[in-house]
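>>> Take a look and give me a structure for this.
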Amino acid sequence: MDSREVALHIERLIKFALKKGLIEELDVIPSRNALMDLFKIEKPYEGEVPEEELNSPSDILNKLLDYAAQIGIICDNTITYRDLMDARIMGLLMPRQSEVVKKFNTIASEEGIEKATEYFYKLSQASNYIRMNRIAKNLYWRVQTQYGSLEITINLSKPEKDPKEIEAAKKVQQSGYPKCLLCLENVGFAGNLNHPARQNHRVIPVKVAGEQWYFQYSPYVYYNEHSILFYEKHVPMKISEKTFVRLLDFVEQFPHYFMGSNADLPIVGGSILSHEHFQGGRHVFPMEEAPIESFFVHNEYNNVKVGVLKWPMSVIRIAGKQKSRLIDISSHILNKWKNYNDLEVEIVSHSEKNGELIPHNTITPIARINKNGEFEIDLVLRNNRTTDKYPYGIFHPHEELHHIKKENIGLIEVMGLAVLPGRLKFELDEIMKFLTGEQKFDPTLYDKNHPLYKHIPWVEELLLKYGNKCNKEEAESYIQQEVGNKFLQVLFDAGVFKRDEKGKEAFERFMKEAGFEKIDKKGDLK
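Sure thing, here's the model as predicted:
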């Protein structure tokens with residue numbers, strides 16, 4: 001590629017940035033000059049630039065990245081170095097943080113908060129902060145179960161690192177800046193082999209419960225408008241009364257979004273427990289559509305609807321018009337649960353280690369404005385205790401499910417969307433070949449290091465159930481259904497009160513201990 005062709009791609013990128021509102025007409029010349037300087041181009045393109053309708057700049061960026069590798073601006077032509085470079089390129093076309101915030105606030109005041117988030121979401125995609133070309137590769141399907149239609153996605157949007165990059169990353173000295181991937185200091189950060197570049201990243205300040213928080217989108221968008229709300233300070237996550245105050249305040253300001261929190265303990269918590277944050281978005285999860293199967297009342301908390309959901313995990317739903325009542329009752333349930341023990345179902349709230357009490361009980365809360373215009377909170381009861389029998393967690397996917405899902409069951413999975421590892425695409429494709437008879441299955445051919453070794457018992461079950469004469473469409477359908485069944489079992493394992501009679505009775509014991517009485521739907525005590 002020569003410099004004239006690169007100059008053309010620079011013009012294409014500038015046109016894209018203009019159409020998507022990243023820059024304005026007055027920004028064209030300085031933006032062009034900055035890009036020419038970056039690519040060591042002496043003069044701009046002279047000639048007609050084709051009109052294009054592009055949703056993503058990825059095609060243009062790939063051409064520019066190839067040239068950057070060609071002339072040595074990128075020291076190694078690997079995915080990580082290319083990602084660092086493309087964020088740098090798009091950073092030269094981004095409005096300043098203050099300009100984005102001003103425009104967001106202007107749109108919110110003149111057209112409403114829904115239009116403001118629409119602007120910000122489109123900006124986050126146009127800037128390639130959300131890499132839509134990669135996210136489009138994720139596999140997605142739904143599986144019908146007795147608990148509704150569960151969602152399954154195989155995450156292919158996070159590319160695997162090159163072995164050379166992994167080795168080089170070990171040699172990069174850790175500066176501790178930014179402290180984590182959520183800190184405000186990520187805005188505009190150049191990144192390195194151990195930390196993604198964020199020159200194309202912007203955030204919106206939001207006052208929540210009188211505190212300073214920041215709103216952004218997840219770069220991986222596992223669902224529509226997948227957003228993150230993070231606290232201004234780098235402090236650990238903690239579920240408390242404040243959590244409910246914050247969540248309800250946010251959904252009151254952003255009524256078209258739900259907002260929830262991962263639990264605050266290892267195993268049952270999120271991946272970044274070191275920074276207080278929530279996750280939300282504009283998506284109806286299977287759990288939101290789950291019906292209430294048992295209704296309860298509490299004589300100290302009137303004007304509030306309380307019920308236990310028909311869901312594989314243990315969920316209490318609370319709804320009402322008054323935020324303060326929901327905060328009070330949610331805090332009451334949290335405080336009761338934190339210290340609740342029931343040895344009959346292996347629930348132990350604390351254990352002792354070196355003279356210190358280690359907590360095990362916590363909650364995954366999710367807030368929204370429901371279809372009736374009421375505030376609604378789902379409280380998912382969690383426990384992270386481990387034993388010799390269950391070293392990964394008693395209420396965690398058990399080892400026989402680890403061939404499909406071994407990772408933490410966080411907020412997203414709790415609500416019925418399985419985020420499964422990218423390795424499964426290849427593994428499931430190979431397993432389908434056994435069902436179609438394209439390959440003969442012989443378990444003796446697989447040693448412990450083979451990617452299919454961990455699936456051997458499952459493959460044997462599938463062949464027994466479906467045989468080896470399926471057509472390709474049948475095999476794919478069967479595999480998708482069986483993966484969904486595995487995910488349902490994952491949720492059963494993570495539920496503290498099981499779905500059998502013993503578990504339901506134990507759940508009712510907890511509700512009674514918390515001062516609730518069971519009623520029928522008409523409101524009569526049972």
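>>> can you give me phi and psi for Phe285?
Dihedral angles phi and psi of Phe285 (degrees, to the nearest 10) take the values phi -80, psi 160.
>>> Report the contact partners of the nearest residue to Val306 once chain neighbours are set aside.
Using C-beta to C-beta, 6 or more residues apart in numbering and skipping the chain neighbours, the partner closest in space to Val306 is Phe296 (4.5 Å). Bear in mind the C-beta positions are built from the backbone N, C-alpha and C, glycine included. Counting by C-beta atoms under 8 Å, 6 or more residues apart in numbering, Phe296 makes contact with 306-308, 511, 516-519.
>>> what's the least confident helix or strand in this structure, going by average pLDDT?
Lowest on mean pLDDT, DSSP states H and E among the helices and strands of the chain sits helix 163-171, with a mean of 59.
>>> Just after it, pick out the following helix or strand.
The first helix or strand that comes after helix 163-171 along the chain, using DSSP states H and E, is strand 204-208.
>>> elements contacting that next one?
The helices and strands touching strand 204-208, judged by 3 or more C-beta pairs under 8 Å, 6 or more residues apart in numbering; DSSP states H and E, are helix 97-111, strand 211-217, helix 241-253.
>>> got the CA positions of it in CSV?
Included here for strand 204-208 are C-alpha records, laid out as CSV according to Å, rounded to 0.1, in the frame of the first residue of the first chain:
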residue,chain,number,x,y,z
ILE,A,204,-21.3,10.6,31.4
PRO,A,205,-21.3,12.0,35.0
VAL,A,206,-24.5,11.1,36.8
LYS,A,207,-25.6,12.2,40.3
VAL,A,208,-27.0,9.1,42.0
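>>> Now for this structure: which helix has the highest residue count?
Of all the segments assigned as helix in the chain under DSSP state H, the longest by residue count is helix 472-494.
>>> List buried residues within the contacts of Phe296.
Neighbour counting over the contacts of Phe296 (16 or more other C-beta atoms under 10 Å) leaves 306-308, 511, 516, 519 as the buried ones.
>>> would you turn these into JSON lines with secondary structure, pLDDT and distance to Ser240?
Converted to JSON lines, the buried ones among the contacts of Phe296 look like this (DSSP: H, G, I helix; E, B strand; the rest coil; pLDDT from 0 to 100; distance: C-beta to C-beta, whole Å):
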{"residue": "Val306", "secondary structure": "strand", "pLDDT": "97", "distance to Ser240": "20"}
{"residue": "Gly307", "secondary structure": "strand", "pLDDT": "97", "distance to Ser240": "24"}
{"residue": "Val308", "secondary structure": "strand", "pLDDT": "98", "distance to Ser240": "23"}
{"residue": "Met511", "secondary structure": "helix", "pLDDT": "98", "distance to Ser240": "21"}
{"residue": "Phe516", "secondary structure": "coil", "pLDDT": "97", "distance to Ser240": "21"}
{"residue": "Ile519", "secondary structure": "strand", "pLDDT": "93", "distance to Ser240": "29"}
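>>> ok so, going back, columns mean pLDDT and distance to Gly484 on top of the helices and strands packed on strand 204-208, output as JSON lines?
Putting the helices and strands packed on strand 204-208 into JSON lines (pLDDT from 0 to 100; distance: least, C-beta to C-beta, whole Å) gives the following:
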{"stretch": "helix 97-111", "mean pLDDT": "98", "distance to Gly484": "38"}
{"stretch": "strand 211-217", "mean pLDDT": "98", "distance to Gly484": "28"}
{"stretch": "helix 241-253", "mean pLDDT": "98", "distance to Gly484": "29"}
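>>> Tell me who's in contact with the closest residue in space to Val100 that isn't next to it in sequence.
If you skip the residues right next to it in sequence, Val100 has Arg202 as its closest partner in space, 4.5 Å away by C-beta to C-beta, 6+ apart. Neighbouring residues of Arg202 by C-beta under 8 Å, 6+ apart: 94-95, 97, 100-101, 120, 123-124, 127, 129, 187, 216.
>>> which of the residues you listed lies closest to Leu18?
Pro95 (12.2 Å; C-beta to C-beta).
>>> what pLDDT does the closest one get?
Pro95 is assigned a predicted lDDT (pLDDT) of 97.
>>> Do I have it right that it meets Lys20?
No. Contact between Pro95 and Lys20 fails when scored by C-beta atoms under 8 Å: they sit 11.1 Å apart.
>>> re earlier: assign the residue nearest to Val306 to helix, strand or coil.
strand (DSSP: H, G, I helix; E, B strand; the rest coil).
>>> ok, back up a step: could you dump the contacts of Phe296 to a markdown table with distance to Lys336?
As requested, those are arranged in a markdown table below (distance: C-beta to C-beta, whole Å):
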| residue | distance to Lys336 |
| --- | --- |
| Val306 | 13 |
| Gly307 | 17 |
| Val308 | 15 |
| Met511 | 9 |
| Phe516 | 10 |
| Glu517 | 15 |
| Lys518 | 16 |
| Ile519 | 19 |
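>>> If anything else comes up later, I'll come back, but that's it for now.
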